[in-house]
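> please work out how this folds:
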Amino acid sequence: MGFIRPLMSGPPAVLSAERAFASSPPKMSSVGEFAQLNFGCTVGREARIGAGGLINPGANVSGGVDVGDGVMIGTGAQILRYKKIGRNSIIGAVVVCDVPPDATVTGIPAAAARGSR
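Numbering: from 1, shown residues only. A predicted model of the protein is given here:
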C-alpha cells in the first residue's frame with residue numbers, strides 16, 4: 001500500500017506507513033498542520049483533514065469529507081462521503097450525518113454520547 005498523489009500536506013503533518021489516499025487531479029485531498037494519520041487508515045479523494053487532527057489505525061475517511069481542526073477519529077471509525085465533522089469532535093462510530101463542533105459520537109450509526117457537549 002502507499003498513497004496516490006496529489007496530496008496537499010501542511011508542514012509538519014505526520015503520515016505513518018501503510019496509509020492510503022485515493023485522490024487524482026484536480027481533486028486533491030489535504031492534511032492540515034500537525035495532523036497525524038496512523039497505520040492502516042484511508043482518506044478518500046477531496047477529503048480535508050484539519051490542523052491537529054488525529055486519524056487512528058483502521059479508520060476510513062471517505063471522499064469529500066471535511067474534518068475540522070482538532071478532531072480525533074478512533075480506531076476503525078468510518079465517515080461516509082461528503083459529511084462535515086465539526087472542530088474538536090471525537091468520532092468512534094460510523095458517521096452517516098454531519099457532526100457538530102465539540103461533539104462525541106459513538107455507535108452504528110453515530111449518535112451523541114451521553115455527557116457530550
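> so how far is residue 107 from residue 94?
8 Å (CB to CB, to the nearest Å). Backbone N, C-alpha and C define where each C-beta goes, glycine included.
> same drill for these two, tell me which one is more crowded.
Neighbours per residue (other CB atoms under 10 Å) separate residue 94 from residue 107, with residue 94 holding more: 17 against 11.
> ok, that one - contacts?
Going by CB atoms under 8 Å, 6 or more residues apart in numbering, residue 94 touches 77, 78, 80, 107, 108, 109, 110.
> who does the helix or strand containing it pair up with?
Using DSSP states H and E, residue 94 sits within strand 90-95. Here strand 90-95 has these sheet partners by DSSP bridges: strand 72-73 (parallel), strand 78-79 (parallel), strand 104-107 (parallel).
> buried set for the last one?
Going back to what we said before, that points to strand 104-107. Within strand 104-107, the residues that count as buried by 16 or more other CB atoms under 10 Å are 104, 105, 106.
> now what about the very next helix or strand once past that strand, what contacts it?
For strand 104-107, the following helix or strand on the C-terminal side (DSSP H and E) is strand 111-112. Residues outside strand 111-112 that contact it (CB under 8 Å, 6+ apart) are 93, 103, 104, 105.
> give me the distance between the first one and residue 45.
For residue 93, the distance to residue 45 equals 22 Å [CB to CB].
> between those two, who's got more neighbours?
residue 93 (23 against 17).
> what sits against that one?
77, 78, 105, 106, 107, 108, 109, 110, 111.
> ok, which pair from those residues is furthest apart?
78 and 111 (14.3 Å; CB to CB).
> which of these two has more neighbours?
Neighbours were tallied for residue 78 and for residue 111 using other CB under 10 Å; the higher tally belongs to residue 78 (19 against 12).
> I'd say that one and residue 55 touch.
No: between residue 78 and residue 55 there is no contact under CB atoms under 8 Å: 11.6 Å.
> leaving out sequence neighbours, find the closest residue to residue 109.
residue 96 (4.5 Å; CB to CB, 6 or more residues apart in numbering).
> residue 62 versus the one you found, what's the distance?
To residue 62, residue 96 is 11 Å away according to CB to CB.
> overlap in contacts, these two.
80, 83.
> which one of these two is surrounded by more residues?
It is residue 62, of residue 96 and residue 62, that has more neighbours when counted by other CB under 10 Å, with 19 against 12.
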